[in-house]
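Student: sequence first, then the predicted structure:
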Amino acid sequence: MSLTQALGTAAAGLRTAQSGLSLVAANVANAQTPGYSRKSLESTTVAAGGDLVSVRVAGVNRMVDQYVQRQLRTESSGGAYAELRAQFFDRLQSTYGDPNSATSIESVYNNFTKAIQALTTNPSDYSTRANVLSTAQALAQQLNNITSDIQALRANAEQGLSDSVRNANTYLQGLAQINTQLASAHVEDASRASLLDQRDYYLDNLSKLMDIRVNEDAYNSVSVFTSSGIQLVGVGATTLTFDAQGMITPGSQWSADPTKRQVGTITATNSTGATIDLIATKSFRSGDIAAYLEMRDKVLVEAQTQLDELAAGMSRALSDITTPGTPATAGTQSGFDLDLSGLIAGNTISVTWTDTLTGGKHTATLVRVDDPKALPVPDSFTPDPNDRVIGIDFSGGFAAAIAQMNAAFNGQLQFSNPAGNTLRVLNDSALGTSTIDAASMTTTTTALSAGTPELPFFLDGAEFFTGAPGASRPQSVGFAGRITVNPALIADPSKLVVLGSGTASGDQTRPAFLYDKLTTATRTFGPASGIGSETAPYSGSLSSFLRQAMSQQGENASAATRLAEGQAMVVDALQQRLNEGSAVNIDEEMTSLLTLQTAYGANARVFSVVNEMLKTLLQMM
């Protein structure tokens with residue numbers, strides 16, 4: 001080997017050792033840096049004429065187990081989803097209060113019913129009456145407060161979605177920029193390895209926000225898709241937007257129809273300007289965004305519905321009167337007469353008939369509507385899955401309402417107004433296709449002393465509660481946040497006992513009625529509350545419904561906590577496996593440092609020896 005060749009070999013060795021030392025220094029310096037993976041130098045020998053004459057840097061390797069990394073991203077998405085849900089459920093539970101505490105919703109409700117029970121045994125006592133009203137006010141206030149808390153949680157979810165979308169855009173744009181840099185530089189050096197670290201950092205954080213699929217090409221550029229197949233990153237980055245709608249109320253609901261939607265939605269806009277609603281396409285199935293959406297649009301909405309069902313049940317149980325129709329005939333036709341004098345918006349007329357051709361039983365509920373914009377009224381207005389609900393607009397007068405009824409039944413039943421406010425319902429004698437079995441109407445009592453036990457104990461703010469349909473939503477939506485004790489009753493507590501003129505101060509009729517309706521009387525609750533189903537809605541007392549709702553919420557919270565704990569264990573195990581290969585080990589780095597220092601010293605010694613030999617040769621000349 002010539003001296004020149006020896007110098008070249010030594011120089012190459014020094015350069016390689018120096019590169020290795022730089023990597024060791026970077027590894028040690030970034031041992032605690034999030035997203036940093038350990039780097040190692042890959043070197044190769046150079047041959048000439050069959051002899052090994054030099055060495056060079058072939059590349060920089062990142063010590064990453066890509067299979068474990070992919071698994072970790074998938075489970076991290078699930079872990080973020082489970083953890084966030086558990087946090088929301090825990091906060092929701094705190095709004096209800098500890099079941100064993102005096103301030104829980106169950107305890108406050110029980111205090112109210114116990115006060116009424118005491119009134120049944122001592123109806124003339126002023127302090128007992130006052131206690132009924134104070135506990136009723138405490139219950140109404142508790143429902144108001146819980147409603148505010150639930151809507152605050154929904155507002156937090158709305159804000160969380162806004163923050164998540166902003167962060168997602170940062171990661172998507174960062175990934176697109178790194179794709180461009182990787183495509184333009186194909187040298188496997190330390191700078192490229194750092195770009196890959198940054199790329200993985202963005203992907204890891206993005207996977208916590210949403211579940212993604214990642215495809216990597218030969219140049220390490222990545223294409224990112226949602227689990228539903230919508231591309232987020234390719235040559236460029238898709239831009240996500242979230243149009244927050246401001247204040248969140250119980251009536252603020254998501255809808256695929258922009259004219260009906262009252263909460264924010266997430267829209268993706270690609271490089272061509274095309275847009276797509278990612279919520280409508282169900283693009284989020286895991287990660288923080290999916291958890292926020294589930295809490296805002298499902299879990300918390302259902303929790304609010306349970307409160308509204310309880311509030312509506314209490315109000316209507318104490319104020320609604322169902323009056324059966326009076327049998328009526330007209331020639332060969334038979335049916336019933338109903339006096340609609342007290343019928344107001346939201347009150348109903350129920351008709352049951354038999355189809356004589358098939359023998360099938362049918363039920364229909366006609367709902368008085370005073371606002372045409374509230375039409376049509378959905379069948380879900382009543383909890384009975386076999387009930388046909390028909391909204392009837394009374395704003396045009398009685399005759400117009402009867403015309404609508406006849407049109408709805410197409411002659412199978414016949415409606416008429418024989419006199420005054422009487423509605424007559426008859427079967428069809430000409431076709432003989434129906435037999436009317438029963439007809440009744442349910443009205444809301446608006447007077448405290450109308451001679452019946454029913455009374456408007458609770459109000460919707462300053463209005464009577466009937467559950468009337470509305471142009472944007474039914475009156476029942478958010479009622480728990482507006483329910484209040486009738487101020488006229490607070491002003492005159494004697495009306496807790498007095499049905500009308502001549503009622504004795506110690507009469508037990510009304511107190512016994514109130515207690516029965518609130519504790520034992522059976523009601524059917526809407527399936528939107530999550531208690532029961534559409535085909536088998538829950539029937540039971542108000543007390544049992546409240547217990548069922550609180551029990552369900554408690555079980556859901558426990559299940560969410562268990563899921564979060566289990567998912568955290570999986571994520572931690574995968575993270576540990578990934579760290580075993582990619583995390584920096586200081587002891588190993590020190591060993592590598594000693595080896596590189598030795599190599600560096602050996603190559604430097606070659607330089608020194610060659611230098612001495614050259615000096616000797618020059619002196620000889």
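Tutor: Happy to help now that I have it.

Student: element containing the closest residue to D297 other than its chain neighbours, please.
Tutor: Of all residues beyond its chain neighbours, the one nearest D297 is W254 (4.9 Å), with distances taken as Cβ to Cβ, 6 or more residues apart in numbering. For the C-beta atoms, the positions are set from N, CA and C on the backbone; glycine is no exception. Assessed by DSSP states H and E, W254 sits outside every helix and strand.

Student: distance of W254 relative to V263?
Tutor: When Cβ to Cβ, to the nearest Å is the yardstick, W254 and V263 sit 5 Å from each other.

Student: which neighbours do the two share?
Tutor: Both W254 and V263 are contacted by R296, D297, under the criterion Cβ atoms under 8 Å, 6 or more residues apart in numbering.

Student: those two: which is more packed in?
Tutor: A count of neighbours by other Cβ atoms under 10 Å puts V263 above the other of W254 and V263, at 23 against 18.

Student: where exactly do the strands run in the stretch 301-450 of the chain?
Tutor: Taking DSSP state E, counting those that start in this stretch as the criterion, the stretch 301-450 of the chain carries its strands at 320-324, 326-330, 333-339, 348-355, 361-369, 387-393, 413-416, 422-427, 434-444.

Student: just name the most buried of the ones you listed.
Tutor: Comparing these by mean neighbour count (mean count of other Cβ atoms under 10 Å), strand 422-427 comes out on top with a mean of 22.

Student: and that strand with strand 348-355, angle?
Tutor: Relative orientation of strand 422-427 and strand 348-355, computed by axes from the mean of the first three to the mean of the last three Cα atoms, to 10 degrees: 20 degrees.

Student: and strand 422-427, how far out from the chain middle?
Tutor: 46 Å (Cα atoms, centre = their mean, to the nearest Å).

Student: what's the answer for stretch 97-109, then?
Tutor: For stretch 97-109, the distance to the chain centre is 25 Å (Cα atoms, centre = their mean).

Student: got the CA coordinates for that stretch in CSV?
Tutor: Extracted C-alpha coordinates of stretch 97-109, given in CSV (Å, rounded to 0.1, in the frame of the first residue of the first chain):
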residue,chain,number,x,y,z
GLY,A,97,-74.1,13.9,42.9
ASP,A,98,-73.1,10.9,45.1
PRO,A,99,-76.2,8.6,45.3
ASN,A,100,-75.6,8.5,49.1
SER,A,101,-75.4,12.2,49.5
ALA,A,102,-78.3,14.5,50.5
THR,A,103,-77.7,16.6,47.4
SER,A,104,-78.0,13.9,44.7
ILE,A,105,-80.9,14.1,42.3
GLU,A,106,-82.4,10.9,43.7
SER,A,107,-82.2,12.2,47.3
VAL,A,108,-83.8,15.5,46.3
TYR,A,109,-86.6,13.7,44.5
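
Student: mind listing what's buried along that stretch?
Tutor: By 16 or more other Cβ atoms under 10 Å, the buried positions in stretch 97-109 come out as G97, S104, I105, E106, S107, V108, Y109.

Student: what's the neighbour count on S255?
Tutor: A total of 13 residues lie near S255 under the criterion other Cβ under 10 Å.

Student: excluding covalently adjacent residues, which one is nearest to it?
Tutor: With Cβ to Cβ, 6+ apart as the criterion, S255 has its nearest non-adjacent residue at 4.3 Å, and that residue is R261.

Student: top helix in this protein by residue count?
Tutor: Assignment by DSSP state H gives helix 126-184 as the longest helix of the chain.

Student: elements contacting the helix or strand just after that one?
Tutor: Counting by DSSP H and E, the element after helix 126-184 in chain order, helix or strand, is helix 190-209. For helix 190-209, the elements it packs on are helix 3-29, strand 51-62, helix 66-96, helix 126-184, strand 212-216, strand 222-226, helix 287-294, judged by 3 or more Cβ pairs under 8 Å, 6 or more residues apart in numbering; DSSP states H and E.

Student: buried stuff in helix 190-209?
Tutor: Using 16+ other Cβ under 10 Å as the test for burial, helix 190-209 gives 190, 192-209.

Student: contacts for stretch 405-421?
Tutor: Taking contacts as Cβ under 8 Å, 6+ apart, the residues outside stretch 405-421 that touch it are 333, 335, 337, 339-341, 351, 353, 364, 366, 390, 392, 398-399, 402, 423-428, 431, 433-434, 436.

Student: 6 Å instead, please
Tutor: The contact list for stretch 405-421, computed with Cβ atoms under 6 Å, 6 or more residues apart in numbering, reads D339, L340, S341, I390, F398, I402, R424, V425, L426, D428, T433, S434.

Student: go on, stretch 319-327?
Tutor: Counting contacts by Cβ under 6 Å, 6+ apart, the residues outside stretch 319-327 that touch it are F336, D337, L338, A439, S440, M441, T442, T443, T444, T445, E454, P456.

Student: could I get those as a markdown table with distance to F409?
Tutor: A markdown table is the format used below for those (distance: Cβ to Cβ, whole Å):
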| residue | distance to F409 |
| --- | --- |
| F336 | 14 |
| D337 | 17 |
| L338 | 15 |
| A439 | 13 |
| S440 | 17 |
| M441 | 17 |
| T442 | 20 |
| T443 | 22 |
| T444 | 25 |
| T445 | 29 |
| E454 | 30 |
| P456 | 32 |
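
Student: and A521, which of the strands of the stretch 301-450 of the chain is closest to it?
Tutor: With Cβ to Cβ as the criterion, A521 lies closest to strand 320-324 of the strands of the stretch 301-450 of the chain, at 11.2 Å.

Student: against F545, how distant is Q552?
Tutor: For Q552, the distance to F545 equals 11 Å [Cβ to Cβ].

Student: which one's more surrounded, those two?
Tutor: When neighbours are counted by other Cβ under 10 Å, F545 comes out ahead of the other of Q552 and F545, with 22 against 16.

Student: distance of P537 relative to S551?
Tutor: Distance from P537 to S551, counting by Cβ to Cβ: 17 Å.

Student: comparing these two, which shows the higher neighbour count?
Tutor: Each of P537 and S551 had its neighbours counted (other Cβ under 10 Å), and the higher figure belongs to P537 (18 against 13).

Student: correct me if wrong: the more buried one contacts A528.
Tutor: No - between P537 and A528 there is no contact, the gap being 9.8 Å when judged by Cβ atoms under 6 Å.

Student: picking up where we left off before, centre of the chain to the longest helix of the chain, how far?
Tutor: Between the mean C-alpha location of helix 126-184 and the chain-wide mean there is a distance of 10 Å, by Cα atoms, centre = their mean.

Student: now that helix against strand 212-216, angle please.
Tutor: With the same axes, to 10 degrees as the basis, helix 126-184 and strand 212-216 are set at 10 degrees to each other.

Student: quick one: list the elements packing against helix 126-184.
Tutor: helix 105-121, helix 190-209, strand 231-233, strand 239-242, helix 287-294, helix 300-319, strand 483-485 (3 or more Cβ pairs under 6 Å, 6 or more residues apart in numbering; DSSP states H and E).
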